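Undergrad: Okay, here's the prediction I keep looking at, along with the sequence it came from:
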Amino acid sequence: MRSFRVATDRLEMQVHESGPEDGVPVVLLHGNLSTGRFYEHLFADAPERYRLIAPDMRGFGDTERAPLDATRGLRDWSDDTHALLRALGITAAPHLAGWSTGGAAIAHYALEHGPVASLTFIDPVSPYGFGGVGLDGTPHFDDFAGSGGGTGNPEFTARVAAGDRSAEGDTAPRNVMNTSYWRVGHREPPEREELLLGEILKSLTGDDGYPGDSGTSEHWPGVAPGTRGILNALSPKYCRWADIVDLDPKPPILWTHGAQDRVIADGSPWEMGTLGSAGAIPGWPGDEHFPPQPMVAQIRAVLDDYAALGGTVEATIYEESGHFPPIDAYERWSTQFWTFLEAA
(Lines give C-alpha, C1' and ligand atoms only; values in the text may rest on other atoms or scores of the structure.)
Protein backbone atom coordinates (compact mmCIF):
# COMPACT_ATOMS: atom_id res chain seq x y z
CA MET A 1 0.00 0.00 0.00
CA ARG A 2 1.11 3.52 -0.83
CA SER A 3 -0.20 6.58 1.05
CA PHE A 4 0.44 10.10 -0.18
CA ARG A 5 -1.13 13.52 -0.69
CA VAL A 6 -2.41 14.72 -4.04
CA ALA A 7 -2.99 18.38 -4.88
CA THR A 8 -6.13 18.61 -7.02
CA ASP A 9 -7.77 21.74 -8.40
CA ARG A 10 -10.29 21.55 -5.52
CA LEU A 11 -8.31 20.52 -2.43
CA GLU A 12 -5.37 18.40 -1.24
CA MET A 13 -6.40 14.80 -0.65
CA GLN A 14 -4.79 11.94 1.21
CA VAL A 15 -4.83 8.81 -0.92
CA HIS A 16 -4.21 5.15 -0.08
CA GLU A 17 -3.63 2.89 -3.06
CA SER A 18 -2.10 -0.33 -4.31
CA GLY A 19 -1.59 -2.08 -7.62
CA PRO A 20 0.08 -1.00 -10.86
CA GLU A 21 -0.20 2.66 -11.87
CA ASP A 22 -1.44 1.56 -15.30
CA GLY A 23 -3.94 -0.87 -13.77
CA VAL A 24 -7.72 -0.80 -14.10
CA PRO A 25 -8.87 1.95 -11.69
CA VAL A 26 -11.07 0.88 -8.77
CA VAL A 27 -12.07 3.81 -6.54
CA LEU A 28 -13.27 3.01 -3.01
CA LEU A 29 -15.14 5.77 -1.17
CA HIS A 30 -15.61 5.42 2.57
CA GLY A 31 -18.61 6.43 4.66
CA ASN A 32 -19.32 8.99 7.35
CA LEU A 33 -16.85 9.09 10.27
CA SER A 34 -14.24 6.91 8.57
CA THR A 35 -11.39 7.12 6.03
CA GLY A 36 -9.92 5.29 3.07
CA ARG A 37 -7.95 3.08 5.44
CA PHE A 38 -11.15 1.15 6.25
CA TYR A 39 -10.54 -0.53 2.86
CA GLU A 40 -6.83 -1.26 3.16
CA HIS A 41 -7.32 -4.90 4.20
CA LEU A 42 -8.69 -5.56 0.70
CA PHE A 43 -5.47 -4.52 -1.00
CA ALA A 44 -3.28 -7.56 -0.32
CA ASP A 45 -5.61 -10.09 -1.96
CA ALA A 46 -6.75 -7.94 -4.88
CA PRO A 47 -6.21 -9.25 -8.42
CA GLU A 48 -2.96 -7.80 -9.76
CA ARG A 49 -4.52 -5.95 -12.69
CA TYR A 50 -6.44 -3.47 -10.53
CA ARG A 51 -5.22 -0.13 -9.23
CA LEU A 52 -7.12 0.37 -5.97
CA ILE A 53 -7.58 4.00 -4.91
CA ALA A 54 -9.09 4.77 -1.49
CA PRO A 55 -9.00 8.51 -0.69
CA ASP A 56 -9.82 10.24 2.57
CA MET A 57 -12.83 12.34 1.66
CA ARG A 58 -13.45 15.99 2.46
CA GLY A 59 -13.90 16.43 6.22
CA PHE A 60 -12.22 13.16 7.17
CA GLY A 61 -8.83 11.59 7.69
CA ASP A 62 -5.73 13.45 6.52
CA THR A 63 -7.32 15.24 3.58
CA GLU A 64 -7.32 19.04 3.68
CA ARG A 65 -9.76 20.48 6.25
CA ALA A 66 -12.13 21.99 3.70
CA PRO A 67 -15.77 22.83 4.53
CA LEU A 68 -18.61 20.81 3.02
CA ASP A 69 -21.41 22.64 1.21
CA ALA A 70 -24.39 20.59 2.34
CA THR A 71 -26.77 22.25 -0.11
CA ARG A 72 -25.04 20.22 -2.84
CA GLY A 73 -25.74 16.93 -1.10
CA LEU A 74 -22.73 14.68 -1.69
CA ARG A 75 -21.71 16.43 -4.90
CA ASP A 76 -18.66 17.93 -3.18
CA TRP A 77 -17.44 14.36 -2.64
CA SER A 78 -18.31 13.40 -6.22
CA ASP A 79 -16.54 16.43 -7.67
CA ASP A 80 -13.53 15.87 -5.38
CA THR A 81 -13.24 12.30 -6.66
CA HIS A 82 -13.39 13.48 -10.26
CA ALA A 83 -10.72 16.09 -9.54
CA LEU A 84 -8.55 13.41 -7.91
CA LEU A 85 -8.69 11.13 -10.93
CA ARG A 86 -7.78 14.04 -13.18
CA ALA A 87 -4.83 14.89 -10.95
CA LEU A 88 -3.68 11.26 -11.09
CA GLY A 89 -3.90 11.28 -14.87
CA ILE A 90 -6.57 8.57 -14.97
CA THR A 91 -8.76 8.75 -18.06
CA ALA A 92 -10.22 5.23 -18.12
CA ALA A 93 -13.76 4.74 -16.86
CA PRO A 94 -13.34 3.70 -13.20
CA HIS A 95 -15.07 1.04 -11.18
CA LEU A 96 -16.60 2.87 -8.20
CA ALA A 97 -17.50 1.44 -4.79
CA GLY A 98 -19.20 3.53 -2.11
CA TRP A 99 -19.94 2.61 1.48
CA SER A 100 -22.84 4.32 3.26
CA THR A 101 -22.38 8.07 2.58
CA GLY A 102 -20.00 7.14 -0.23
CA GLY A 103 -22.89 5.41 -2.00
CA ALA A 104 -24.55 8.75 -2.73
CA ALA A 105 -21.23 10.16 -3.94
CA ILE A 106 -20.59 7.38 -6.47
CA ALA A 107 -24.14 7.70 -7.78
CA HIS A 108 -23.61 11.42 -8.42
CA TYR A 109 -20.25 10.66 -10.02
CA ALA A 110 -22.00 8.35 -12.49
CA LEU A 111 -24.74 10.90 -13.12
CA GLU A 112 -22.47 13.90 -13.60
CA HIS A 113 -18.96 12.65 -14.46
CA GLY A 114 -19.56 9.32 -16.18
CA PRO A 115 -19.11 6.97 -17.84
CA VAL A 116 -18.14 4.46 -15.16
CA ALA A 117 -17.28 0.78 -15.53
CA SER A 118 -19.43 -0.38 -12.60
CA LEU A 119 -21.03 0.75 -9.33
CA THR A 120 -20.84 -1.15 -6.04
CA PHE A 121 -23.15 0.08 -3.28
CA ILE A 122 -22.13 -1.13 0.20
CA ASP A 123 -24.98 -0.47 2.66
CA PRO A 124 -25.53 2.91 0.97
CA VAL A 125 -27.48 5.82 2.39
CA SER A 126 -31.03 5.74 1.04
CA PRO A 127 -31.62 7.21 -2.44
CA TYR A 128 -33.75 9.81 -0.60
CA GLY A 129 -31.24 10.69 2.11
CA PHE A 130 -31.34 10.05 5.84
CA GLY A 131 -34.32 10.89 8.02
CA GLY A 132 -37.86 12.22 7.80
CA VAL A 133 -39.20 10.79 4.53
CA GLY A 134 -41.64 8.12 3.44
CA LEU A 135 -41.11 5.21 1.07
CA ASP A 136 -41.26 7.34 -2.09
CA GLY A 137 -39.02 10.04 -0.63
CA THR A 138 -41.80 12.48 0.27
CA PRO A 139 -40.84 14.42 3.44
CA HIS A 140 -43.07 14.16 6.47
CA PHE A 141 -42.84 17.95 6.79
CA ASP A 142 -42.05 20.52 4.11
CA ASP A 143 -38.98 21.81 5.97
CA PHE A 144 -37.51 18.30 6.25
CA ALA A 145 -37.73 18.41 10.04
CA GLY A 146 -36.00 15.53 11.79
CA SER A 147 -32.97 15.43 9.52
CA GLY A 148 -29.63 17.20 9.29
CA GLY A 149 -27.01 18.44 11.71
CA GLY A 150 -29.39 18.93 14.62
CA THR A 151 -29.97 15.17 14.85
CA GLY A 152 -26.38 14.42 15.82
CA ASN A 153 -25.58 13.33 19.37
CA PRO A 154 -23.68 16.21 21.05
CA GLU A 155 -21.92 13.95 23.56
CA PHE A 156 -20.64 11.64 20.84
CA THR A 157 -19.45 14.63 18.78
CA ALA A 158 -17.60 16.07 21.78
CA ARG A 159 -15.87 12.76 22.40
CA VAL A 160 -14.72 12.52 18.78
CA ALA A 161 -13.42 16.09 18.97
CA ALA A 162 -11.57 15.27 22.21
CA GLY A 163 -9.90 12.19 20.70
CA ASP A 164 -11.57 9.88 23.25
CA ARG A 165 -10.13 6.34 23.03
CA SER A 166 -11.92 4.97 26.07
CA ALA A 167 -14.61 2.28 26.13
CA GLU A 168 -16.80 4.05 28.67
CA GLY A 169 -20.47 4.42 27.79
CA ASP A 170 -22.60 4.07 24.67
CA THR A 171 -21.31 7.31 23.11
CA ALA A 172 -17.63 6.36 23.25
CA PRO A 173 -16.39 6.37 19.61
CA ARG A 174 -14.83 2.94 20.18
CA ASN A 175 -18.15 1.49 21.29
CA VAL A 176 -20.08 3.18 18.48
CA MET A 177 -17.66 1.64 15.99
CA ASN A 178 -17.99 -1.84 17.47
CA THR A 179 -21.79 -1.76 17.75
CA SER A 180 -22.71 0.14 14.58
CA TYR A 181 -19.99 -0.27 11.96
CA TRP A 182 -20.17 -4.07 11.90
CA ARG A 183 -22.33 -6.71 13.51
CA VAL A 184 -22.47 -6.70 17.28
CA GLY A 185 -19.90 -9.15 18.60
CA HIS A 186 -17.40 -8.71 15.78
CA ARG A 187 -14.07 -7.26 16.88
CA GLU A 188 -11.09 -6.47 14.74
CA PRO A 189 -7.64 -7.53 16.04
CA PRO A 190 -6.48 -5.06 18.72
CA GLU A 191 -3.88 -3.31 16.56
CA ARG A 192 -6.35 -2.93 13.70
CA GLU A 193 -9.09 -1.69 16.05
CA GLU A 194 -6.77 0.99 17.41
CA LEU A 195 -5.85 2.08 13.89
CA LEU A 196 -9.46 2.36 12.73
CA LEU A 197 -10.52 4.16 15.90
CA GLY A 198 -7.71 6.64 15.30
CA GLU A 199 -9.02 7.22 11.77
CA ILE A 200 -12.50 8.03 13.13
CA LEU A 201 -10.99 10.49 15.59
CA LYS A 202 -9.45 12.47 12.72
CA SER A 203 -12.95 13.56 11.64
CA LEU A 204 -13.56 17.29 11.32
CA THR A 205 -16.22 18.23 13.88
CA GLY A 206 -18.41 21.30 14.17
CA ASP A 207 -20.53 23.26 11.71
CA ASP A 208 -18.31 22.55 8.69
CA GLY A 209 -17.83 18.86 9.45
CA TYR A 210 -19.66 16.43 11.72
CA PRO A 211 -22.50 16.95 12.45
CA GLY A 212 -22.86 20.35 10.73
CA ASP A 213 -24.99 23.36 11.58
CA SER A 214 -28.74 23.12 12.11
CA GLY A 215 -31.97 25.05 11.85
CA THR A 216 -35.11 25.07 13.93
CA SER A 217 -38.54 23.78 12.98
CA GLU A 218 -42.08 24.25 14.23
CA HIS A 219 -42.52 20.54 13.57
CA TRP A 220 -41.37 17.59 15.69
CA PRO A 221 -38.62 17.07 16.73
CA GLY A 222 -37.87 20.80 16.46
CA VAL A 223 -34.78 20.68 14.22
CA ALA A 224 -34.39 21.17 10.48
CA PRO A 225 -31.38 20.94 8.17
CA GLY A 226 -28.70 23.59 8.07
CA THR A 227 -26.46 24.26 5.08
CA ARG A 228 -23.02 23.02 6.17
CA GLY A 229 -21.48 19.73 7.26
CA ILE A 230 -22.00 16.06 6.63
CA LEU A 231 -25.34 15.30 8.31
CA ASN A 232 -26.96 18.15 6.41
CA ALA A 233 -25.47 16.84 3.16
CA LEU A 234 -27.21 13.55 3.99
CA SER A 235 -30.57 15.22 4.68
CA PRO A 236 -33.30 14.38 2.14
CA LYS A 237 -33.52 18.13 1.53
CA TYR A 238 -30.24 17.88 -0.40
CA CYS A 239 -29.34 14.19 -0.78
CA ARG A 240 -31.11 12.34 -3.57
CA TRP A 241 -29.61 9.79 -5.92
CA ALA A 242 -32.82 8.08 -7.09
CA ASP A 243 -32.26 9.70 -10.50
CA ILE A 244 -29.69 6.99 -11.15
CA VAL A 245 -32.51 5.06 -12.84
CA ASP A 246 -32.18 7.49 -15.77
CA LEU A 247 -28.52 6.69 -16.49
CA ASP A 248 -27.83 5.84 -20.13
CA PRO A 249 -25.87 3.68 -20.62
CA LYS A 250 -26.43 1.87 -17.35
CA PRO A 251 -23.30 0.43 -15.71
CA PRO A 252 -23.71 -2.91 -13.88
CA ILE A 253 -24.52 -2.51 -10.18
CA LEU A 254 -23.59 -4.65 -7.19
CA TRP A 255 -25.55 -3.94 -4.00
CA THR A 256 -24.48 -5.69 -0.79
CA HIS A 257 -26.19 -5.06 2.51
CA GLY A 258 -25.77 -6.38 6.04
CA ALA A 259 -29.03 -7.65 7.52
CA GLN A 260 -27.76 -6.59 10.97
CA ASP A 261 -26.98 -3.03 9.85
CA ARG A 262 -28.06 -0.58 12.58
CA VAL A 263 -27.29 2.56 10.55
CA ILE A 264 -29.02 1.97 7.22
CA ALA A 265 -32.09 -0.10 8.00
CA ASP A 266 -35.87 -0.19 7.91
CA GLY A 267 -36.19 1.37 11.34
CA SER A 268 -32.62 2.50 11.97
CA PRO A 269 -32.02 3.38 15.65
CA TRP A 270 -30.02 6.38 14.37
CA GLU A 271 -33.11 7.88 12.68
CA MET A 272 -35.61 10.22 14.35
CA GLY A 273 -38.76 8.26 13.45
CA THR A 274 -37.37 5.13 15.10
CA LEU A 275 -36.12 7.04 18.14
CA GLY A 276 -39.48 8.76 18.53
CA SER A 277 -41.45 5.53 18.24
CA ALA A 278 -39.20 4.00 20.92
CA GLY A 279 -39.90 6.89 23.30
CA ALA A 280 -36.31 8.13 23.21
CA ILE A 281 -37.42 11.57 21.94
CA PRO A 282 -40.53 13.06 23.59
CA GLY A 283 -43.52 14.30 21.64
CA TRP A 284 -43.38 11.88 18.72
CA PRO A 285 -46.48 12.60 16.57
CA GLY A 286 -47.00 8.93 15.75
CA ASP A 287 -46.77 6.66 12.73
CA GLU A 288 -49.34 8.67 10.81
CA HIS A 289 -47.13 11.77 10.76
CA PHE A 290 -43.54 10.53 11.28
CA PRO A 291 -43.03 6.78 10.78
CA PRO A 292 -39.52 5.29 10.81
CA GLN A 293 -37.81 5.58 7.44
CA PRO A 294 -37.85 2.35 5.36
CA MET A 295 -34.30 2.79 4.08
CA VAL A 296 -33.61 -0.71 2.74
CA ALA A 297 -37.01 -0.83 1.03
CA GLN A 298 -36.18 2.51 -0.64
CA ILE A 299 -32.85 1.22 -1.93
CA ARG A 300 -34.47 -1.97 -3.21
CA ALA A 301 -37.29 -0.06 -4.97
CA VAL A 302 -34.90 2.26 -6.82
CA LEU A 303 -32.59 -0.56 -7.89
CA ASP A 304 -35.60 -2.61 -9.00
CA ASP A 305 -36.60 0.33 -11.22
CA TYR A 306 -33.02 0.50 -12.52
CA ALA A 307 -33.22 -3.18 -13.51
CA ALA A 308 -36.68 -2.77 -15.03
CA LEU A 309 -35.31 -0.03 -17.28
CA GLY A 310 -32.57 -2.31 -18.61
CA GLY A 311 -29.82 -2.14 -15.99
CA THR A 312 -28.07 -5.12 -14.44
CA VAL A 313 -28.30 -5.36 -10.64
CA GLU A 314 -26.72 -8.03 -8.45
CA ALA A 315 -28.13 -7.78 -4.92
CA THR A 316 -27.06 -9.76 -1.86
CA ILE A 317 -28.21 -9.45 1.74
CA TYR A 318 -25.51 -10.64 4.14
CA GLU A 319 -27.41 -12.16 7.04
CA GLU A 320 -24.26 -12.37 9.18
CA SER A 321 -23.16 -8.77 8.66
CA GLY A 322 -23.67 -5.28 10.00
CA HIS A 323 -23.03 -1.94 8.31
CA PHE A 324 -19.78 -2.93 6.56
CA PRO A 325 -19.64 -6.48 5.15
CA PRO A 326 -16.14 -5.91 3.69
CA ILE A 327 -14.89 -6.22 7.27
CA ASP A 328 -17.22 -8.56 9.14
CA ALA A 329 -17.75 -10.87 6.14
CA TYR A 330 -14.41 -10.20 4.49
CA GLU A 331 -13.77 -13.47 2.65
CA ARG A 332 -17.28 -13.82 1.25
CA TRP A 333 -17.61 -10.15 0.36
CA SER A 334 -14.22 -9.78 -1.31
CA THR A 335 -14.81 -12.90 -3.39
CA GLN A 336 -18.12 -11.51 -4.60
CA PHE A 337 -16.63 -8.09 -5.28
CA TRP A 338 -13.69 -9.31 -7.37
CA THR A 339 -15.93 -11.72 -9.27
CA PHE A 340 -18.35 -8.88 -10.02
CA LEU A 341 -15.57 -6.62 -11.28
CA GLU A 342 -14.23 -9.36 -13.55
CA ALA A 343 -17.68 -9.88 -15.04
CA ALA A 344 -18.24 -6.15 -15.44
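TA: Yep, it's here.
Undergrad: What residues does the most centrally placed residue in the chain make contact with?
TA: By Cα atoms, centre = their mean, the chain has its centre lying nearest to residue 101, at 1.9 Å. Residue 101 sits next to 30-32, 74, 77, 125, 230, 233-234 when contact means Cβ atoms under 8 Å, 6 or more residues apart in numbering. No exception for glycine: its C-beta is placed from N, CA and C like everyone else's.
Undergrad: how does it look with 10 Å?
TA: Residue 101 is in contact with 29-34, 57, 60, 74, 77, 124-125, 130, 230-231, 233-234, 239, 263-264, counting by Cβ atoms under 10 Å, 6 or more residues apart in numbering.
Undergrad: go on, residue 205?
TA: Residues near residue 205 by Cβ under 10 Å, 6+ apart: 33, 59, 152, 156-162, 211-212, 229-230.
Undergrad: Nearest spatial neighbour of it, chain-adjacent residues omitted?
TA: Closest residue to residue 205 apart from its sequence neighbours, by Cβ to Cβ, 6 or more residues apart in numbering: residue 161 at 4.3 Å.
Undergrad: pretty sure the one you found is touching residue 211, no?
TA: No: using Cβ atoms under 10 Å, residue 161 is not in contact with residue 211; the gap is 11.1 Å.
Undergrad: if we can go back for a sec, quick check: the residue nearest to the centre of the chain vs residue 33, distance?
TA: Going from residue 101 to residue 33 by Cβ to Cβ, to the nearest Å gives 9 Å.
Undergrad: and for those two, which residues touch both?
TA: 60, 230.
Undergrad: So which residues of this structure form helices?
TA: 75-87, 101-113, 154-161, 173-176, 190-200, 230-233, 272-277, 295-308, 325-328, 330-343 (DSSP state H).
Undergrad: Go through the ones you listed and pick out the most buried.
TA: Comparing the helices of the chain by mean neighbour count (mean count of other Cβ atoms under 10 Å), helix 230-233 ranks first with a mean of 31.
Undergrad: Give me the average confidence score over it.
TA: Averaging the model's pLDDT scores along helix 230-233 yields 98.
Undergrad: Then stretch 149-165?
TA: Mean predicted lDDT for stretch 149-165 stands at 98.
Undergrad: can you give me the end-to-end distance of that stretch?
TA: Across stretch 149-165, the terminal residues are separated by 24 Å (Cα to Cα, to the nearest Å).
Undergrad: from the middle of its chain, how far away would that stretch be?
TA: In this view, stretch 149-165 has its centroid 18 Å away from the chain centroid, taken as Cα atoms, centre = their mean, to the nearest Å.
Undergrad: quick one on the thing from earlier: nearest to residue 271 among the contacts of residue 205?
TA: Set against residue 271, the nearest of the contacts of residue 205 by Cβ to Cβ is residue 152 (12.3 Å).
Undergrad: Now do the contacts for residue 200.
TA: Applying Cβ under 10 Å, 6+ apart, we find residue 200 in contact with 32-35, 38, 60-61, 160, 163, 173-174, 176-177, 181, 210.
Undergrad: What about those, which one has the most neighbours?
TA: Among those, residue 60 has the most neighbours (other Cβ atoms under 10 Å), with 28 neighbours.
Undergrad: related to what we said a few turns ago, ok now do the residue nearest to residue 205, which residues does it touch?
TA: Shown in contact with residue 161 (Cβ under 10 Å, 6+ apart): 201, 203-206, 209-210.
Undergrad: and which of those is nearest residue 216?
TA: Of the contacts of residue 161, the one sitting nearest to residue 216 (Cβ to Cβ) turns out to be residue 206, at 18.6 Å.
Undergrad: who does the closest one bridge with?
TA: residue 211 (DSSP bridges).
Undergrad: hang on, it packs against residue 214?
TA: No: with contact defined as Cβ under 10 Å, residue 206 does not count as touching residue 214 (11.8 Å).
Undergrad: which one of these two has more residues nearby?
TA: residue 214 (24 against 15).
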